[in-house]
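Colleague: return atomic coordinates for the entry below.
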Amino acid sequence: MAKTITFFDFANLNYGGGCEKNFMKLGNWLSKKGYKVSFITASKNLNDQFSKTLSSQNYTKNISDKEIKEKFGVLNYETFELKDLIFPTKKRKILRNILKKSDSIVSKNEIFEVVILKILLNIPSNKIILGFHTPIHYPVIKSKKAKLHNLVYNSKIYSFLLSNSKVRCLVLNSHERDLLKKLGINKNIEVIPNPIDVKKFSLKKYKKGKKMKIYYIGRMNEAKGIDTLYKCILKISKQVEFKEIEFYFVGNGEEEHYLKKLSKEFKNCFFIGFKPDVKKFYQNSDLIIVPSRWEGFPYVVLEAQSTGTPVITTNTPGCRDIVIDKRTGWIVETDNVNIMSNKIIETFYLWKNYYEKFKKVGLNARKNVYEKYEEEKINLKLEKFISNGK
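Modeller: Below you'll find the predicted structure:
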C-alpha cells in the first residue's frame, strides 16, 4: 500500500518562496514514484492578513493557481483560515482527517507550523518532520523583527516544542544541526541540502560582452542584505570601472526601494522586478551577487552555480556551504561594504583581463553543483528520510 505524505505550510503556495517551490517539486517527484501526496496551506486571505499585521510584504502572491497545478504538479491541496485552527469547523475536520491518515507530515521549522501541528491540531510527534528552512539564529541583525526572531528561536519555549525525540528534524547545513544540539535536540537530525535541477539550470554559453553584467536575483529584504548592496554600488559608482559594469535587480520585497532608487539614479542600473522564471537571467549574467546576512540553503546560489555563473556571496551558513572560495566563486565578510565593493572591482578586472581564468571559476562551479546537489541524488536521500527515518 502506497504511503501517504502531506506537506504542511503556513505560507500559501502562491507565495512561491524557495521552501514552497522545493516542497511542491519534491511532492510532485514523490507522486510520480507512487506516494499519495497532498498539501495543506494557509489561504491567500490569511496570508494577506498576516502580512498586514506584521507590516510585511513577505507573503505576496507570486505564483498563479495555474502554475501550481501545471508547473509544479500540485493537484491535491487544502487551504485553511485562522478559525479552522481554533474552532471545530467543517474544514478543520477535513484537515484533521488528512493529517491523521498521513504516514509522514513534512513542514517547516517556523514556530507557527510547530505550534499549529503539535498544539492546535494535536498531531502525534512521530508523524512530524520539520524542515529547517528558516535559520534558527540570525548572525547579523538590525530590525526589531530579526531581534525578536533570535529571542524566540533560541528560547526554552522553542526547544521545548522540539524536545519530543520522535519529531524528526531535517536541516540544510551542519551549522543548523550544531545549533539544534546546543538547544538540547540530539536525536533524529539529518543534514540534507536543497537539490537543484541541473538539466533546467544547464551550463551557459559563455560570451564576453562590452560590459560586465552583474545580477542580483531574489527577495529584497533585510535577510538578503539589500541595503549593503545599495551602499556597495554607490561606492563603486565613484570609480572609473563603474561605466563598464551593468547591474540588474530581479525580485521584489520590502526593501526593493533601495534598488529602484539606483535604477533611477544610474543609467547602468536596471530594476526588473519579480519574474517567475529566472533561468534566462543566469544565462545572461557574468556574475551573481548574493550579499545575504542569513540563509538556509539559498537557491539563487545553487541555480547560478549550476549554470556555471560565478557568485560573490557572504560568509554565512548556506552560502558558504555551496561556494568554494576562489574556486567556484568568492566569499566575503558579511555586511562589509568596503570588502564587498573591492571584491566586485577585483572580479571585474579578472573578467576583463583574464576571461579564461574567470570562465574556469564558472566551470568549477557547475562541476561542484552537479556532483553534490543534483536533484535525483538529493531527492532519493529525502525520500529515505521522509518515508523511513534515519
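
Colleague: ok, the nearest residue to residue 386 once chain neighbours are set aside - contacts?
Modeller: Counting by C-beta to C-beta, 6 or more residues apart in numbering, residue 386 lies nearest to residue 104, which is 5.2 Å off, once chain neighbours are set aside. To be clear about C-beta, it is placed using only N, CA and C from the backbone, and glycine gets the same treatment. Applying C-beta atoms under 8 Å, 6 or more residues apart in numbering to residue 104 gives the contacts 3-6, 127, 129, 386-387.

Colleague: report the beta-bridge partners for residue 104.
Modeller: Beta bridges link residue 104 to residue 5 when assigned by DSSP bridges.

Colleague: roughly how far does it sit from residue 126?
Modeller: Distance of residue 104 to residue 126, computed by C-beta to C-beta, to the nearest Å: 9 Å.

Colleague: pLDDT value on the residue lying farthest from the centre of the chain, please?
Modeller: Here the centre of the chain is the reference, and by C-alpha atoms, centre = their mean the most remote residue is residue 240, at 35.0 Å. Looking at residue 240, its pLDDT is 95.

Colleague: same question, residue 248
Modeller: The predicted local confidence for residue 248 is 98.

Colleague: next, it: secondary structure please.
Modeller: strand (DSSP: H, G, I helix; E, B strand; the rest coil).

Colleague: wait, what's in contact with it?
Modeller: Going by C-beta under 8 Å, 6+ apart, the list of residues near residue 248 reads 213-216, 270, 272, 281, 285.

Colleague: pick out whichever of those sits closest to residue 199.
Modeller: Nearest to residue 199 out of the contacts of residue 248 is residue 281 (C-beta to C-beta; 17.7 Å).

Colleague: count the residues that sit near the closest one.
Modeller: 22 (other C-beta atoms under 10 Å).

Colleague: show me what the helix or strand in which it is found is packed up against.
Modeller: For residue 281, the host element (DSSP states H and E) is helix 279-284. Helices and strands touching helix 279-284, by 3 or more C-beta pairs under 8 Å, 6 or more residues apart in numbering; DSSP states H and E, are strand 212-217, helix 299-306.

Colleague: mind listing what's buried in it?
Modeller: By 16 or more other C-beta atoms under 10 Å, the buried positions in helix 279-284 come out as 279, 281-283.

Colleague: then stretch 331-349?
Modeller: Neighbour count says stretch 331-349 has 331-332, 334-337, 340-341, 343-344, 347-348 buried, by 16+ other C-beta under 10 Å.

Colleague: just stretch 34-48 next, same as before
Modeller: 35-44, 46-47.

Colleague: then stretch 312-327?
Modeller: 312-314, 316-324.
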